[in-house]
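Undergrad: Sequence below, structure please.
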Amino acid sequence: MLLTVMVACGVDQEITGPATQVGGDGGEIVGSGGPNGSDPTATQSFLLALREKSAVVRENAAFALSRIGDLSAVPDLIKSLEDPNPQVRESAAFALGQIGDSSAIPDLIRKNNDSEWVVRKEVAFALGQIGDPVAINSLVSFLKDTHPQVRGNAAFALGQLGDSRAVSPLIQALGDEMAEVRGNAAFALGKMGSPVAISALLIVLRDENSEVSRLAAIALGRIGNQTTVPALVKLLHDRDWKVRRNVAIILGQIGDPLAVAHLIKALQDEKWGEREIIAVALGQIDDPIAVPTLIQALADDEWSVRENAALALGKIGEPSAVPALIDMLARQDKQLYMNTTIALGQIGDPVAVDALMKMLKYNDPNVRELAANALGQIGSPAIPALIMVAKHENEDIRQSVIMALGQIRDATVVPILVQALDDKHQKTRIQATFFLGEMGDPLAVPDLIRALDDRNTQVHINAIVALGRIGESAKEAIPYLTKVLDLADERSYINAVWALTQMGEPATSALIIALNHNNEKVSRRAATALEKIGTPEAILALQEYRKKPL
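TA: Sure, this is the predicted structure:
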């Protein structure tokens, strides 16, 4: 089959296009641009190709037109729906769906009795892509087609339409003999969000096909109706572990605290996969009642349960969990370090500072970065401990300290960030210039001017951007930024003109110089800034600039 649109249980569409080599004479058709592109010349070429004798050429031409997305191709593609070759009709239907013009709907609907199922399944998909409710009756009729892929595409398409009239037919489709159809119907009902489908979807949770059961769970989670909670919590003790797992996922998505007690009890499940998901669900519901149980789960035999329990405690944010989480950092487990560090940052309790400082010195860069983020989340209480190691002999630790201090964004850390501009480690200087820009403190301006001469390009760029973010308060940097306009590096002068535009009227003279820059982006930005400044000097310079020949 040349063109296949696979709707695997209604989740993903995988489109496989034709090969570029077509025709017996080795002719080649090459599509242009991406979807919805516009190339009149290419469109005309492919429209002519729709009339070629070779069916393969016609098929490829239709597919290429789907990639271009030109509305002018619709009339010819409609004609191709009557092509004697089924693959051409299939490709034409697909193209009409991709272009999405509702004028094609009547002709697509007329093909619901096409003799070839590959055409019918593509017609169903196309009607869903166009998304006009006028196609609902046709799509409902497709649910009774003899071929499962047609029925599956019809179910998926009805979900795209989102018309409540499709709910009842889709509920019936949940009983289809083919898993693909049942899965697509479940997915569509979830997308439509109709509470009417809840009882039927609860039954499908026990479907023999695990993917169908999963999609029913997703659908129930999307509907998110709290009236389903009493029925769902009973299924936490179902004999089928897949049902228990999916129900836990749904309850987490719904987020009703009424489910917490039942999830706590279910956390004793013998299968670690269920315990893992239940820990996640308790974190999603965010009820402090679950904290003691989640603390106990930190000692679970399975590492994934421990990790998710730590993350759940972080999401709930209850300080009473901090001592237990700190104890977890004593274990030699990198992944547990990472999740526990994240959790401690989310809780933000200063009690965790000392433990996180140890993680800041850990030999793994990912752990150090997470520790820096966590200390940044804790904020000002972490500053004294961070300052104590700001000059640590290890360059990676110094970088992590600057990252943490920068995230706190307290004025008291500015001198430390300024000192870091002289660090031997370029990554530390990069971090320092970035965060000084984020903080926008004018006290840093002289040192940022000095950083313009840094041997590292990124430090240089960050310093330019930082001065721009400080704005008019950094006007003493204007002469230095003007010199940057003469550098050969495009990133430098593009960012320099941006920085000058942030400084307003004091930068007028520099922006007038930038008008004559040989880079069009620079001159355009300068012109826009001068228009905004609007002083007589700026207006006169703009008038002279616009007199120049293009």
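Undergrad: can you give me the strands for this structure?
TA: 4-8, 12-16 (DSSP state E).
Undergrad: Quick one: mean pLDDT over the last one.
TA: Spelled out, it's strand 12-16. For strand 12-16, the mean pLDDT works out to 27.
Undergrad: What of stretch 491-503?
TA: Computed over stretch 491-503, the mean pLDDT rounds to 95.
Undergrad: Buried residues, that stretch. List them.
TA: For stretch 491-503, the neighbour count (16 or more other C-beta atoms under 10 Å) marks Ser492, Tyr493, Ile494, Asn495, Ala496, Val497, Trp498, Ala499, Leu500, Thr501, Gln502, Met503 as buried. Backbone N, C-alpha and C define where each C-beta goes, glycine included.
Undergrad: Among the residues you listed, which lie within helices?
TA: Ser492, Tyr493, Ile494, Asn495, Ala496, Val497, Trp498, Ala499, Leu500, Thr501 (DSSP state H).
Undergrad: and these as CSV, adding distance to Gly348?
TA: Below are these laid out as CSV (distance: C-beta to C-beta, whole Å):
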residue, distance to Gly348
Ser492, 39
Tyr493, 42
Ile494, 38
Asn495, 34
Ala496, 39
Val497, 40
Trp498, 35
Ala499, 34
Leu500, 39
Thr501, 37
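Undergrad: Tell me which two in the residues you listed are the farthest apart.
TA: Across those, the longest distance by C-beta to C-beta is 15.2 Å; it joins Ser492 and Thr501.
Undergrad: still on that earlier bit, what's the farthest-apart pair in the buried residues of stretch 491-503?
TA: Distance extremes for the buried residues of stretch 491-503: the farthest pair is Ser492 and Met503 at 16.9 Å, using C-beta to C-beta.
Undergrad: Just give the number of residues close to Ala390.
TA: 19 (other C-beta atoms under 10 Å).
Undergrad: nope, Leu540 is what I meant
TA: Residues near Leu540, counting by other C-beta under 10 Å: 12.
Undergrad: That one and Arg239: what is the separation?
TA: Going from Leu540 to Arg239 by C-beta to C-beta, to the nearest Å gives 84 Å.
Undergrad: what do you get for Thr227?
TA: 25 Å.
Undergrad: More neighbours: these two, which one.
TA: For the pair Thr227 and Arg239, the greater number of neighbours falls to Thr227 (11 against 7), based on other C-beta under 10 Å.
Undergrad: What residues does the more buried one make contact with?
TA: Pro195, Ile198 (C-beta atoms under 8 Å, 6 or more residues apart in numbering).
Undergrad: How confident was the prediction at Tyr545?
TA: 87.
Undergrad: domains in this protein, as residue ranges please.
TA: Following automatic domain parsing, the chain resolves into domains at 1-181, 329-393.
Undergrad: and those, which one's lowest on average pLDDT?
TA: domain 1-181 has the lowest average pLDDT among the domains of the chain, namely a mean of 81.
Undergrad: Report the distance from that one to the chain centre.
TA: Computed by C-alpha atoms, centre = their mean, to the nearest Å, the chain-centroid distance of domain 1-181 equals 28 Å.
Undergrad: low-confidence ranges in the stretch 451-550 of the chain?
TA: Low-confidence segments of the stretch 451-550 of the chain (pLDDT under 70): 549-550.
Undergrad: can we see that at 80?
TA: By pLDDT under 80, the low-scoring segments of the stretch 451-550 of the chain are 548-550.
Undergrad: Helices of that one, start to end?
TA: 457-470, 478-484, 490-501, 508-515, 520-533, 536-547 (DSSP state H, counting those that start in this stretch).
Undergrad: if I look at Ala499, how far off is Ala526?
TA: From Ala499 to Ala526 the distance is 12 Å (C-beta to C-beta).
Undergrad: wait, Arg491
TA: Arg491 is 17 Å from Ala526, by C-beta to C-beta.
Undergrad: do the same with Leu47
TA: 46 Å.
Undergrad: Same drill for those two, tell me which one is more crowded.
TA: Ala526 (27 against 19).
Undergrad: Excluding covalently adjacent residues, which one is nearest to that one?
TA: Ala514 (3.7 Å; C-beta to C-beta, 6 or more residues apart in numbering).
Undergrad: Quick check, that neighbour in contact with Val484.
TA: No: contact criterion C-beta atoms under 8 Å: Ala514 and Val484 do not qualify, at 10.4 Å.
Undergrad: out of those two, which sits in the more crowded spot?
TA: Ala514 (26 against 22).
Undergrad: so what's the more buried one up against?
TA: Leu485, Val497, Leu500, Val522, Ser523, Arg525, Ala526.
Undergrad: isn't the fifth one right next to His517, touching?
TA: Spelled out, that is Ser523. Yes: counting by C-beta under 8 Å, Ser523 touches His517, with 5.2 Å between them.
Undergrad: how close does Val322 sit to Ala92?
TA: Taking C-beta to C-beta, one finds Val322 at 63 Å from Ala92.
Undergrad: In terms of neighbours, single out the busier of these two.
TA: Counted by other C-beta under 10 Å, Val322 and Ala92 do not tie: Ala92 has more neighbours, with 35 against 19.
Undergrad: could you measure the closest residue to the more buried one other than its chain neighbours against Ile513, distance?
TA: What sits nearest to Ala92 in space, not counting adjacent residues and going by C-beta to C-beta, 6+ apart, is Ser80, at 3.7 Å. Per C-beta to C-beta, Ser80 is found 59 Å from Ile513.
Undergrad: Among those two, which residue is more densely surrounded?
TA: Comparing Ser80 with Ile513 by other C-beta under 10 Å, the one with more neighbours is Ser80, at 26 against 17.
Undergrad: Contact partners for the more buried one?
TA: So Ser80 contacts Leu50, Arg58, Ala62, Val88, Arg89, Ser91, Ala92 (C-beta under 8 Å, 6+ apart).
Undergrad: and the two most separated of those?
TA: Leu50 and Arg89 (11.7 Å).
Undergrad: So the two - more neighbours on which side?
TA: Taking other C-beta under 10 Å, Leu50 and Arg89 do not tie; Arg89 has more neighbours (26 against 23).
Undergrad: any idea how far the closest residue to the more buried one other than its chain neighbours is from Gly97?
TA: With sequence-adjacent residues excluded and distances taken as C-beta to C-beta, 6+ apart, Arg89 is closest to Val119, at 4.6 Å. Distance of Val119 to Gly97, computed by C-beta to C-beta: 12 Å.
Undergrad: my read: Pro506 touches Ile478, true?
TA: Yes: with contacts counted by C-beta under 8 Å, Pro506 reaches Ile478, the gap being 6.4 Å.
Undergrad: Between the two, point out the one with more neighbours.
TA: More crowded of Pro506 and Ile478, by other C-beta under 10 Å: Ile478, with 20 against 15.
Undergrad: contacting residues around that one?
TA: Leu500, Met503, Pro506, Ala507, Ser509, Ala510 are the contacts of Ile478 under C-beta under 8 Å, 6+ apart.
Undergrad: What residues does the closest residue to the second one other than its chain neighbours make contact with?
TA: To tie it back to what came earlier, the one meant is Met503. For Met503, ignoring the flanking residues on the chain, the nearest one in space by C-beta to C-beta, 6+ apart is Glu472 at 5.1 Å. Contact analysis of Glu472 by C-beta under 8 Å, 6+ apart lists Gln502, Met503, Gly504, Pro506.
Undergrad: Please apply the same query to Gln268.
TA: So Gln268 contacts Arg275 (C-beta under 8 Å, 6+ apart).
Undergrad: Begin at 26 from now on, thanks
TA: In the new numbering, first residue 26, that becomes Gln293.
Undergrad: Quickly note the distance from it to Lys259.
TA: 16 Å.
Undergrad: Next, work out how far apart the closest residue to Lys452 other than its chain neighbours and Phe181 are.
TA: Nearest residue to Lys452, sequence neighbours excluded (C-beta to C-beta, 6+ apart): Gln424, at 5.0 Å. Noted for Gln424: a distance of 49 Å to Phe181, by C-beta to C-beta.
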